[in-house]
Structures are given as C-alpha cells and as structure tokens.
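>>> Predicted model and sequence follow; I will ask about them next.
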Amino acid sequence: MTDTELRCPACGAPIAGTDTFCEACGAHVGAGEAAPDPSADTAAKTTVVPDTSAGAVCEHCGGEILDDGFCGTCGQKAPSPRDRWSEQPAPWVGGVCDKGVVHPANEDAMALAADPDGGFAVLVVCDGVTSAPHSDRAAMAAARAACSLLSGVPVPVTHGVAATISYWTSALEKATSEANGAAVGVAHALGDPAEPPSCTFVAAIVADAVITVAWCGDSRAYWLPDAGDARQLTVDHSLGTALLAAGEPREQAEADPAFHTITRWLGADSVEHSAEFVSQTIDTPGWLLVCSDGLWNYASVLEEMVALVADKSATSNGDPVQLAAALVDWANAAGGHDNVTAALARCNPPVLLHGEGTSRG
C-alpha cells in the first residue's frame, strides 16, 4: 500500500478518490479518506470486519478471492464486510451489527464513539428500510454523520442534570437533521429514485451520569440497571404502537403484518423526520442498550429484554462486545428474520461523574 492510498473509513477497503460510496460495504465516503495511522493513540472507533480483499482465502473451498470479490476457484462471492462487524471505541462501549439469517444483506448500521475514561459516549443505530433499494447506504451514512457530529460537540462548561439534558437534547436535534441530510444525500447520489433509500434512527448520549436519547422510527434504547427499575426509553413510531394503544392484545398485534410499519423515518420521502427525546439519570450501575428491531422483535416486552440481558451478561465478563455478540447470536438462533444490531455502554455512576468527558478537547 502506498502512503497516498485511500481506504474506506467504515471497513478499510480500498477506494478511489472519486468514489461516493465504498463498493465493499456501501458506506458513504465522499472524496475518500486517507488510511489511518495504526500507531495513533486515539479514541476512534475500532471496526472488526472479515478480510475480503484480493488474495483472501475463500471460506467455501480455500481458493483465492480475486479483485472482483469472487473466488477464482469455485466462483462463490466472498462475505461482505457489512455482513457482520463489531465496534469498540473504549472498553466500556461496544456493539455488533449482523445481517441475520434470512436477509441476503445487512441494512442495519451503527456508529459508536467514547472516551476511554468512561465520561462520555455516543451510540447510534440505524435500520435501513428493506422495501427501498440501497437503504443500507442511507443507514450507514446517517449513523456515521450523527456520530461524527455528536462526538465533536464541545464539552459543556456547566453541569447538572437539567443543563446536561438541555445541552445534549439540542445537540441530538442537530444530529438528527445531519443524519437525515446524509440519508437524503444518498438518494441524490443515486439520481433521486422514485423509492429513495431511508432508515430509522436512534442515538444515545452518555454524559455526566445522564443518558439523553433521540429517536425516529422503531429502533430502541433501553436503560437496564443491575438493580432497580429498568426502562424502555423509546416508544416506537409505528403502526404497532397504534394497535397496542387501541387495546389490541400484544400477541394479536405483533402477528399483524402492519405491526412493523414505521410512521417516522429518515430519508428523502420522509413526511416526518423530526426526533423525539427522552432522558434518564444514572444512579446505579447498569447497561444502556441501543438496538434495531431485529433484536427486540424476539423480546418485545421490557421484562423479556431485562431477563435476556441479565442472562447473557452473566457470561460476558462486563465486555460490551461480548454481550452484544451474545444478544445478536441469540436473535439469530431465534430465527434471525431481520438484520440485528446491539450496541451497549456499561455505565458506572462514579466513573461517569468523575470523567465528565475531560479527555475530550
């Protein structure tokens, strides 16, 4: 590799300087970015993806993967880096994004950022709308645009619960607009198709022992303390919510084909892309979980999610990526009918209050 070779910031695959999207993973790359210095000590997110570059070994027959991404011996296409990857920007924050069992491609996306000292984190999950082509690109572009904006917001000069909520709600409002703009930009780059790519959106900020969340669609955020009352922080923007509110029994409502029809989303055809906001103080250790419906569809009731996370965290050693992988694998074992994303932050109030984001410039 030459010093000037460009790499996709999402998966590390080679890209051309004129590329708008990465051919390997679909991420929006603009004019491309120079390959990062692996020796640099930064809080940037760590992405773990399969090696699908030319010269990689075919998992089917052991042959060589050629430049076109297909095996030169058996002709099988190599796995995409988008099929499954993990991110862990700090030991206390991590996630796994997986295409599931049924879908041929992964239209979920996530983007994470965190301070290593535990004072600040950003978790963003977007779920591409399957019925709209190229929604994987919209989801990736939206997630990374929002995470980039939020992780670059200056540290507030004042603290306290009310000030923290106000400050980060304002930042999340801007991030939602940025994410929507990124999704719309994907549609423009594709020639503004009649059915433009679109996605759901949920973003959570951890700062000063307060969680602040914005969401648009039916991707969810949960606060799951080790002791005390758990809380589903978000309320789905979907016809399913309307069915339940109308008194339809949950089992009957969830069996309705319209249950997962969203009423808000990001993208060029969205009639309502504004987010709702919610906050939660952190006064006891616990997990913040941000996920797509590919996970919660199998544990749709809060008590079921509490039990699931408690069970899987018992063997995860406090590692968010291990726990995320266990949750994703559980969803796949349950059927994997949708793409699955789980992003987690292990929240400890004394650390959160002590850190106060001091490592951020």
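The structure has been received and is ready for your questions.
>>> so what are the domain limits for the protein?
50-81, 83-355 (automatic domain parsing).
>>> Mind telling me which of those the model trusts least?
When the domains of the chain are compared on mean pLDDT, domain 50-81 scores lowest, with a mean of 74.
>>> still on that earlier bit, let's have the domains of the chain in a markdown table, adding mean neighbour count.
In this view, the C-beta of every residue, glycine as well, is placed from N, C-alpha and C. Listed next are these as a markdown table, based on neighbours: other CB atoms under 10 Å:
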| stretch | mean neighbour count |
| --- | --- |
| domain 50-81 | 15 |
| domain 83-355 | 21 |
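>>> and Leu224, what are its phi and psi?
phi -130, psi 80 (degrees, to the nearest 10).
>>> from now on call the first residue 57
Right, with 57 as the first residue, what we last looked at is Leu280.
>>> So what's the gap between the helix or strand harbouring Glu143 and the chain middle?
Taking DSSP states H and E as the criterion, the element that holds Glu143 is strand 140-146. Put simply, strand 140-146 sits 10 Å off its chain's centre (CA atoms, centre = their mean, to the nearest Å).
>>> neighbouring strands for it, and are they parallel or not?
strand 103-104 (antiparallel), strand 149-154 (antiparallel) (DSSP bridges).
>>> Do a quick rundown of the helices in the stretch 107-256 of the chain.
Per DSSP state H, counting those that start in this stretch, the stretch 107-256 of the chain carries helices over the ranges 191-207, 217-245.
>>> can you list the ones you listed in a markdown table and add distance to Val181?
A markdown table is the format used below for the helices of the stretch 107-256 of the chain (distance: least, CB to CB, whole Å):
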| stretch | distance to Val181 |
| --- | --- |
| helix 191-207 | 7 |
| helix 217-245 | 11 |
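>>> of all those, which lies closest to Trp279?
helix 217-245 (14.3 Å; CB to CB).
>>> Let me see the contact set for Val185.
By CB atoms under 8 Å, 6 or more residues apart in numbering, the contact list for Val185 reads Glu163, Ser191, Pro253, Ser254, Cys255, Thr256, Ile318, Trp321, Gly323.
>>> ok, so what distance separates it from Ala239?
10 Å (CB to CB, to the nearest Å).
>>> shared neighbours of the two, anything?
What both Val185 and Ala239 touch, as defined by CB under 8 Å, 6+ apart, is the set Pro253, Ser254, Cys255, Gly323.
>>> possible to save those as CSV with distance to Asp394?
Converted to CSV, the shared contacts of Val185 and Ala239 look like this (distance: CB to CB, whole Å):
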residue, distance to Asp394
Pro253, 17
Ser254, 16
Cys255, 13
Gly323, 18
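>>> gap between His244 and Ala188?
In terms of CB to CB, His244 sits 14 Å off from Ala188.
>>> hang on, the earlier thing: now distance to Cys127 too, for the strands paired with strand 140-146, in CSV please.
Formatted as CSV, the strands paired with strand 140-146 follow (distance: least, CB to CB, whole Å):
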stretch, distance to Cys127
strand 103-104, 22
strand 149-154, 23
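>>> quick revisit: who wins for proximity to Leu383 among the helices of the stretch 107-256 of the chain?
Taking these one by one with CB to CB, helix 191-207 is closest: 18.4 Å.
>>> now that closest one against helix 217-245, angle please.
Counting by axes from the mean of the first three to the mean of the last three CA atoms, to 10 degrees, helix 191-207 lies at 140 degrees to helix 217-245.
>>> what's helix 191-207 packed up against?
Where contact means 3 or more CB pairs under 8 Å, 6 or more residues apart in numbering; DSSP states H and E, helix 191-207 is packed against strand 164-170, strand 176-183, helix 217-245, strand 254-255, strand 257-263, strand 322-323.
>>> try 6 Å
Under the contact criterion of 3 or more CB pairs under 6 Å, 6 or more residues apart in numbering; DSSP states H and E, helix 191-207 touches strand 164-170, strand 176-183, helix 217-245, strand 254-255.
>>> Give me the helices and strands touching the third one, please.
This points to helix 217-245. helix 191-207, strand 257-263, strand 266-272, strand 322-323.
>>> how does it look with 7 Å?
helix 191-207, strand 257-263, strand 266-272, strand 322-323, strand 332-337 (3 or more CB pairs under 7 Å, 6 or more residues apart in numbering; DSSP states H and E).
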